[in-house]
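Enquirer: Below are the sequence and a predicted model for it; my questions follow.
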There are 2 protein chains.
Amino acid sequence: MKHLFSLFALFTFGFTQAQTVNSPSGKIALTFTLSSTGQPTYAVNYKAKTVVTTSNLGIKLKDKPGLDANFEIQSSKNSTFNESWNPVLGEQASIVNHYNELVVSLVQKGTNIKLNLVFRAFDEGVALRYDFPKQKELNYFIISDELTEFNLNENNKVFWLPGDFDSNEYEYNETQFSEIDNSKINMNNGIGVKSIPGKYTIQTPLMMKSPSGLYVNIFEAAVINYPVMHLKADVTNYKLKSELVPNAIGDKAYLQTPCVTPWRTIMISDDARDIVGSKMILNLNEPSKIEDTSWIKPMKYVGIWWEMHVGNSTWDYAGSQNATNFGTELKKSVGHGATTENTKRYIDFAAKHGFDGVLVEGWNEGWEDWSGNWKEEVFDFVTPYPDFDIAGISAYAKAKNVKMIMHHETSGSVANYERRLDRAFENMVKYNYPAVKTGYVGKIIPRGEMHDGQTMVNHFAHVVKRAADYKLMVNSHESSHPTGLGRTYPNYVAAEAARGNEFNAWSIGNPPMHETILPFTRQLGGPMDYTPGIFEIKMSYYDKNKTEQVHTTLAKQLALYVTMYSPIQMAADLPENYEKYSDAFQFIKDVAVDWDETKYLEAEPGDYLTVARKTKGKQSWFLGAITDENARKTQIKLDFLTKGKKYKATIYEDAKGADWKNNPKAYKIRSIEVSNASKIQLNLAPGGGTAISFEPIQ
Amino acid sequence: MKHLFSLFALFTFGFTQAQTVNSPSGKIALTFTLSSTGQPTYAVNYKAKTVVTTSNLGIKLKDKPGLDANFEIQSSKNSTFNESWNPVLGEQASIVNHYNELVVSLVQKGTNIKLNLVFRAFDEGVALRYDFPKQKELNYFIISDELTEFNLNENNKVFWLPGDFDSNEYEYNETQFSEIDNSKINMNNGIGVKSIPGKYTIQTPLMMKSPSGLYVNIFEAAVINYPVMHLKADVTNYKLKSELVPNAIGDKAYLQTPCVTPWRTIMISDDARDIVGSKMILNLNEPSKIEDTSWIKPMKYVGIWWEMHVGNSTWDYAGSQNATNFGTELKKSVGHGATTENTKRYIDFAAKHGFDGVLVEGWNEGWEDWSGNWKEEVFDFVTPYPDFDIAGISAYAKAKNVKMIMHHETSGSVANYERRLDRAFENMVKYNYPAVKTGYVGKIIPRGEMHDGQTMVNHFAHVVKRAADYKLMVNSHESSHPTGLGRTYPNYVAAEAARGNEFNAWSIGNPPMHETILPFTRQLGGPMDYTPGIFEIKMSYYDKNKTEQVHTTLAKQLALYVTMYSPIQMAADLPENYEKYSDAFQFIKDVAVDWDETKYLEAEPGDYLTVARKTKGKQSWFLGAITDENARKTQIKLDFLTKGKKYKATIYEDAKGADWKNNPKAYKIRSIEVSNASKIQLNLAPGGGTAISFEPIQ
């Protein structure tokens, strides 16, 4: 195979400098070539089909000559890497990291600047990065533009989000590549701060499907000390070019050699399961820098949170503000949520039902006037409201063996959060909170910075590293998209960084297909705190005038605990709602959040996903199957179960006539005995799902 | 008098809305008038002479109507205030704060926005500020421009600095107002980062002298949560207009009602001593917010600092860098200054000669590559170099009863400093350092911010407040100019914020008149850490090829301990140099740094200054007299001494033939017995001075 691709490369580019690296199986090949102007280029083939045609590489520097021409090859080196490693928390106990690598060392005529291009070919995709060695010709430099191209061949189907430098909380648009156009999006979507530079800028991870059925995904890995890469689409020629997020004065990245850029990744497969199950993004990150990880624990949690979203209570003490009036007039008080009494009720509920943790939002001073005004000093992260007895609650939780999850909403004022971070974390240690949910709702301070810029990328990493010093876990919301940093800092247990379940409570919400796409996009970079488990699906339950709802059946909410991987997983609905549907709630109580094995059984982005996972350290399995707005029937082979073992399968499924819109709460539960030779027929309602627990029978 | 001025106002402006406030003595009067367009204006008279002609007031808001027209007077109120208060450290034990106040409450037609203008008339000047009451018509707002004018009548003599938003470390230009022009300044002056917006932008404090001999000073007080005000000069019409420092995106200030702007101050007198001795700036600040101030102590200190400036050692461990090669090629190693051994030598010296403290710069990792590259993560402020045994040094100093002064150079990376500040201060407490010298050499990070912007003003205040939480004193270098914050936070003991003595070591230096101007400008806002006491005046002493020198005689360096008030005062030269001139050094050992009384005996900005001060809690007095490049003879009456007491006056003066340029080290010391009826003849050499200690004879 290798020989074949090399020939192909020579034929296509006509340059003797062509260098090729093949994936271990030979399915994927990346070919590097220097153009006639000395610009580095690459192309990618999948099973002899060109998926990425000759695409330019290069970096523009501020106040220095561009690194996009006049290069000569100094040397090149091929190597192979094969290891397996064990994530602290994860979808599987062991991850194989197997790739072939090509490093091309370039030197620029005239400047004598040295630049290495590093290419890795995995079986499910390729990755490339710029590597700037330490050299007297280049010490400090400022990147003004990155010229990386991804030139596609065809008018793919694309699941795209507008390239908003401040938000990734959009619904996916499913269109042909040629139809990408931000101006056609309904922007009345509940997102507060929007910074979209143009009609054709879109986000990564970008999931596509070619007319011939190839799945192609463009993303990035190990975004460290560098801005997030967005993509500018040329909708006529099916080309994409990197568009880095600028800082307040238009610069992209401040670097000092030796240094590397993040990896630019292209996954390709004719089987969508290869992409959704890929660990390539994690593999492209550095191993854990935390030596003792014994304090990093998975968590299932409940919290004082959804009750604010549905309008039952408020974040602020005065009860003047709730999630349904962002930016509008103050509403009549409905009462503060984070009271000592209410918190103890949640702790009791968690203890009774075996949850690890309780999140409480709105516990601290600042919420009366926190949002929408670019205010720098909102929260101090240590001062509770008078009705939140933090010491008493801490002691109460400890007595009940429940962990408290702290909430640090920054309102985007990162300057304020950073200067108070040590005291905030000391306060957490003092009151025995092992995890923090951070929030970044609002325009960033330092003013002029955006959520996806280098400054913020560094901030999110800083919080994670500092948290590790205090042995605290971090679940960040409204952060830039994770790109595998959780491998290096396993205390970075989850992030939101996409449109979560909350939008269903007070906006146009998330269409039924939403959760079938996230595992192909957002979740490639790390676990998402999606907050599933909503049983009272229609907001009219709380207020007859409301028309909002979660775009789901109840059974699908259960299935999400399996399809949406996260080691910190919320049961988001109200305790009283769970008590009303205690039979369905049993699945949430039973389901694991950390796994030894994961099998992606069926996958089609935008349509459906079926996943089976084996509990970490146990014999039980769980299966989740979800569909989009279309009903779906499928038969699943249970050959993943251990041969020779019997299991009690408890099936939580949509009842007959169930339908996300008109009959979302119709579910049924049945139990059957199965083995690894069994098959199960799944019947998913429109917007529905199925959740199954498999308990070994002794 | 009051009646007279009111009539005058009516005559001049022709508006019945004219409102006047007179100073307690009636010497100064400020008249407020609404213009025909409803714009607020004011004018200031001194002894019936108009010093500031009708000048506009107003504020421009971003995305809102301007607050510069269509106002109506809702009400106005006159009041009188008279108190005295005791500074924790100061030039005098008690300060009188006596003024008359006029508050004019305005409302804007159309918007109904309410704005108060607050005017205070002291005997040495006036102050005005904008006061935005809490109101539904104005909550959050962004100031895009401040329109305050200072329209002068005459072509004054002006001591001006270019309006650099990043530096106040310039020499003074002494020209006529009509000759203000930044393009004519020699910019090869050793200042690394310069941000000058135009030819006619100049800084405050701005000291002027009118053709008729009136001294006029324009400055500001209580700059809190607001950018520094620079001034745009109209050199044809002798007008000045406020020019606020913008942030990264061009905004000036983010405010929320209720709030106030800083005070804009105009001091006027026909006696320069009224201005140099004024406590108006302090009086315009809030009283101390620190309850227990017992830990705030004056300090005389030595340190490992000047030896780097003269090239004897380096800040960095590797010895690759020193002050003489900022921005140029690395110099051959001369050896790290901040070693344990060298520090102990300074501690020994401090203990032997009765100094309170020892400053050590270059003690911590980062100096190898700290400057000039806008690098964010340079220092962590806690990690000493391997040859600096911080624990051992701390114990050694404690045993010798010497206090260590920590150094935190930020290289302008405020983001980095703020996120590490708590740990840095904890480290100081751990090792028993009661004071920190901060530094901000370099372009500011967050990038796009400047030293004088609102963000940085807030940062400097934040450091002072946080330091107070740890009971630490702050001496900031390269900060924005102090505007009296030391009254509110007495732990803000000193700042540099002007061109200090260090520039003499490696640049064109400070001309002999420099120190005769600083007390009229920079020092009005708070003590300056000028670092006097250089005995080896010519850099050729260290390196025959060097031509730099301190523009001073040795005797003048002694006089500066009295003329340049600071409660934290360095003896900047090397211990070995002091030991060579131990008779002159005796004055530095004897002189106090905290005072019960201060008498400005003679003052002429740019020419000379003679000051006498009485030691806090003691009967001894000290006198300092300095001159510019001209020799000066003067006779001083000692009537400030206590009547009936005899004193031994020890006079440290320029010897015959002394001269800053050709014979700077020629001094003589003599002792005489004096009383309050005595007179002393002072003979100051060109660039010279006289220092006298008066010890009561038992």
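Expert: That came through, no problem.

Enquirer: Contacts only, for A:Val21.
Expert: A:29-30, A:32, A:78, A:100-102, A:119-121, A:126 (C-beta atoms under 8 Å, 6 or more residues apart in numbering or on different chains). Every C-beta, even on glycine, is put in place using the N, C-alpha and C of the backbone.

Enquirer: what's the burial count for A:Glu426?
Expert: A:Glu426 has 13 neighbours, counted by other C-beta atoms under 10 Å in any protein chain shown.

Enquirer: Please check the contacts of A:Val21 and keep the buried ones.
Expert: Buried members of the contacts of A:Val21, scored by 16 or more other C-beta atoms under 10 Å in any protein chain shown, are A:29-30, A:32, A:100, A:102, A:119-121, A:126.

Enquirer: Inside strands: which ones of those residues?
Expert: A:29-30, A:32, A:100, A:102, A:119-121, A:126 (DSSP state E).

Enquirer: Would you format the contacts of A:Val21 as a markdown table with pLDDT included?
Expert: A markdown table is the format used below for the contacts of A:Val21 (pLDDT from 0 to 100):
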| residue | pLDDT |
| --- | --- |
| A:Ala29 | 98 |
| A:Leu30 | 98 |
| A:Phe32 | 98 |
| A:Asn78 | 97 |
| A:Asn100 | 98 |
| A:Glu101 | 98 |
| A:Leu102 | 98 |
| A:Phe119 | 98 |
| A:Arg120 | 98 |
| A:Ala121 | 98 |
| A:Val126 | 98 |
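
Enquirer: For chain B, state which of the ones in strands among the buried ones among the contacts of A:Val21 is nearest.
Expert: Comparing these against chain B with C-beta to the nearest C-beta places A:Arg120 closest, at 28.1 Å.

Enquirer: how close does that closest one get to B:Glu72?
Expert: From A:Arg120 over to B:Glu72 the distance is 72 Å, taken as C-beta to C-beta, to the nearest Å.

Enquirer: Turn the ones in strands among the buried ones among the contacts of A:Val21 into JSON lines, including distance to chain B.
Expert: Shown next, in JSON lines, are these (distance: C-beta to the nearest C-beta, whole Å):
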{"residue": "A:Ala29", "distance to chain B": "39"}
{"residue": "A:Leu30", "distance to chain B": "34"}
{"residue": "A:Phe32", "distance to chain B": "32"}
{"residue": "A:Asn100", "distance to chain B": "34"}
{"residue": "A:Leu102", "distance to chain B": "32"}
{"residue": "A:Phe119", "distance to chain B": "29"}
{"residue": "A:Arg120", "distance to chain B": "28"}
{"residue": "A:Ala121", "distance to chain B": "34"}
{"residue": "A:Val126", "distance to chain B": "32"}
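
Enquirer: measure the one residue in the stretch 251-400 of chain A that gets nearest to chain B to B:Leu117 for me?
Expert: For the stretch 251-400 of chain A, the residue positioned closest to chain B under C-beta to the nearest C-beta is A:Asn373, at a distance of 4.3 Å. According to C-beta to C-beta, A:Asn373 and B:Leu117 sit 25 Å apart.

Enquirer: Then A:Lys184?
Expert: 51 Å.

Enquirer: Show me which of the two is the more surrounded one.
Expert: The residue with more neighbours, out of A:Lys184 and B:Leu117, is B:Leu117; 21 against 11, by other C-beta under 10 Å.

Enquirer: Relative to chain A, how far out is that one?
Expert: Going from B:Leu117 to chain A by C-beta to the nearest C-beta, to the nearest Å gives 25 Å.

Enquirer: Check whether that residue really touches B:Leu34, as I assumed.
Expert: No. Contact criterion C-beta atoms under 8 Å: B:Leu117 and B:Leu34 do not qualify, at 10.2 Å.

Enquirer: Now do the shared contacts for these two.
Expert: B:40, B:106.

Enquirer: Test for you: state the pLDDT assigned to A:Ala631.
Expert: A:Ala631 is assigned 98 on the pLDDT scale.

Enquirer: and A:Pro490, that one's in a helix?
Expert: No. A:Pro490: not assigned to a helix; according to DSSP: H, G, I helix; E, B strand; the rest coil it is coil.

Enquirer: Backbone dihedrals for the residue of the stretch 251-400 of chain A closest to chain B, please?
Expert: phi -120, psi 20 (degrees, to the nearest 10).

Enquirer: I'd say it and B:Thr257 touch.
Expert: No. Contact criterion C-beta under 8 Å: A:Asn373 and B:Thr257 do not qualify, at 11.8 Å.

Enquirer: Residues of chain A that sit close to chain B?
Expert: A:139-140, A:247-249, A:251, A:254, A:256, A:373-376, A:415, A:418-419, A:421-423, A:446-449, A:455, A:458, A:462 (C-beta under 8 Å from any C-beta of the partner chain).

Enquirer: As a quick check, tell me the outermost residue of chain A.
Expert: A:Gly110 (42.8 Å; C-alpha atoms, centre = their mean).

Enquirer: for the closest residue to chain B within the stretch 451-600 of chain A, phi and psi?
Expert: In the stretch 451-600 of chain A, the residue that lies nearest chain B is A:His462 (6.6 Å; C-beta to the nearest C-beta). Main-chain dihedrals, A:His462, degrees, to the nearest 10: phi -60, psi -50.

Enquirer: Tell me the confidence at it?
Expert: pLDDT at A:His462 comes out at 98.

Enquirer: now do A:Gln321
Expert: So A:Gln321 comes in at 64 (pLDDT).

Enquirer: How about the one 4 residues further on?
Expert: At A:Asn325, the predicted lDDT confidence score is 44.

Enquirer: And for A:Trp363?
Expert: 97.

Enquirer: and what of the one 3 residues further on?
Expert: What the model reports for A:Gly366 is a pLDDT of 93.

Enquirer: tell me the SS of the residue nearest to it when sequence neighbours are not counted?
Expert: With sequence-adjacent residues excluded and distances taken as C-beta to C-beta, 6 or more residues apart in numbering or on different chains, A:Gly366 is closest to A:Phe379, at 3.9 Å. Three-state call for A:Phe379 (three-state DSSP): coil.
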